[in-house]
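Undergrad: the amino acid sequence is not available; the structure is as follows:
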C-alpha cells in the first residue's frame, strides 16, 4: 500500500477541520461585532429619547437602557452613569445658584425620575465595575424604593424625606448631610454608611442594621430605632433625644452623643 495515498486524505480532512474552525470563529466574531453595533445604536437612541419633551418617549429611553443593561454586562456602567445624570438633572435639589431654596417643600414625584431610580436600584451590582450610582444633591422626597440595591451609592445632600427605603441595601453609601426625616428605612442595611450630619429625625429605622455607620452630628430626634443594630456606630455630637437608645446600646457605639435635655420634673408648686 502506498503510504502517500493514505496520508493525503487524512491530511485533507485535518485541513478541512482547521478551515471549518477558522470559519466558525470568524463568523462568531462577526456576529459579536454586529451585536455590539446594534447595542451601540440602541444606546444612542435611548440617550436621545431621554432628552425628549414627551414623557412617554423619555420613559421608553429609560426602559431601553434597562434592557441594554440586561443584554450587555459591559455596557451597564455607561447606562448607570447616564441614568444617574438624568436623575440629577431632572430632580436637582439645588437651583443654578447651588444653594437650597428658601422653602424646601416636597415636590411632586416625577414618573420618569421614579422609573429611572427604580431601574438603578434594581440592577445587578455585579456588573457595575468601578461605577457607582451618583444621586448626590437630588430631590427624591416621597419616592418609593423598597429593597433598593444602592450599596456604595452617592446620595450625599439628597432630599429623601418621607421616601420608602424599606429593606434597602445602603452598605458603604454616602448620605452625609442628606435629609432623611420621616423616611421608612425599616430593616435597611446601613453597614458603614456615611450619615454624617444627616437629618434622620422621626425616621423609621426599626431593625435597621447601622453597624459601623457614621452618625456624627446627625439629628436622630424621635427616630424609631427599636431592634436596630448600632454596634460600632459613630455617634459623636449626634442628637439622640427620644430615640429610646439604652445605656447598653450606647456602650457598644463610638463617640459621645450630644447631651439629651432632661425633662422638667418640677411640679410647679
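TA: Structure received. Predicted, not measured: the structure shown is a model, and the values here were computed from it.

Undergrad: enumerate every residue touching the residue most central in space within the chain.
TA: Against the mean C-alpha coordinate of the chain, by C-alpha atoms, centre = their mean, the closest residue is residue 150 at 2.8 Å. Applying C-beta atoms under 8 Å, 6 or more residues apart in numbering, we find residue 150 in contact with 120-121, 133, 168-170, 173. No exception for glycine: its C-beta is placed from N, CA and C like everyone else's.

Undergrad: state whether residue 84 is indeed within a strand.
TA: No - remark: residue 84 does not belong to a strand; assigned using DSSP: H, G, I helix; E, B strand; the rest coil, it is helix.

Undergrad: wait, it touches residue 120, no?
TA: Yes - in this structure residue 84 lies within contact range of residue 120 using C-beta atoms under 8 Å: 6.8 Å.

Undergrad: and the two? Which one has more around it.
TA: Taking neighbours as other C-beta atoms under 10 Å, residue 84 and residue 120 compare with residue 120 leading, 26 against 22.

Undergrad: quick one: the helices in the stretch 1-150 of the chain, in order.
TA: For the stretch 1-150 of the chain, applying DSSP state H, counting those that start in this stretch gives helices covering 3-50, 55-71, 76-90, 111-121.

Undergrad: in the last one, what's buried?
TA: Translated: helix 111-121. Buried residues in helix 111-121, counted by 16 or more other C-beta atoms under 10 Å: 112-121.

Undergrad: quick check: what element follows it along the chain?
TA: helix 247-251 (DSSP states H and E).

Undergrad: residue 64 reaches residue 41, doesn't it?
TA: No - the pair residue 64 / residue 41 is not scored as a contact, 10.9 Å apart, by C-beta under 8 Å.

Undergrad: so between these two, which is more surrounded?
TA: residue 64 (18 against 10).

Undergrad: so what's that one up against?
TA: 42, 45-46, 49.

Undergrad: any idea which of the residues you listed has the most stuff around it?
TA: residue 46 (21 neighbours).

Undergrad: and that one, what does it touch?
TA: Residue 46 touches 60-62, 64-65, 68, 82, counting by C-beta under 8 Å, 6+ apart.

Undergrad: so how many other residues sit close to residue 162?
TA: By other C-beta under 10 Å, neighbour count at residue 162 equals 17.

Undergrad: which residues sit in contact with it?
TA: Residue 162 sits in contact with 106, 141-142, 181-183, where contact means C-beta under 8 Å, 6+ apart.

Undergrad: which intervals of the chain have sub-threshold pLDDT?
TA: The model of the chain has pLDDT under 70 over residues 1-37, 96-107, 263-269.

Undergrad: let's see that with 80 instead.
TA: In the predicted model, the chain carries pLDDT under 80 at residues 1-37, 95-107, 260-269.

Undergrad: can you give the domain ranges for it?
TA: As assigned by automatic domain parsing, the chain contains the domains 18-94+110-128, 139-262.

Undergrad: and those domains, which is most packed in?
TA: The highest mean neighbour count among the domains of the chain, using mean count of other C-beta atoms under 10 Å, belongs to domain 139-262: a mean of 21.
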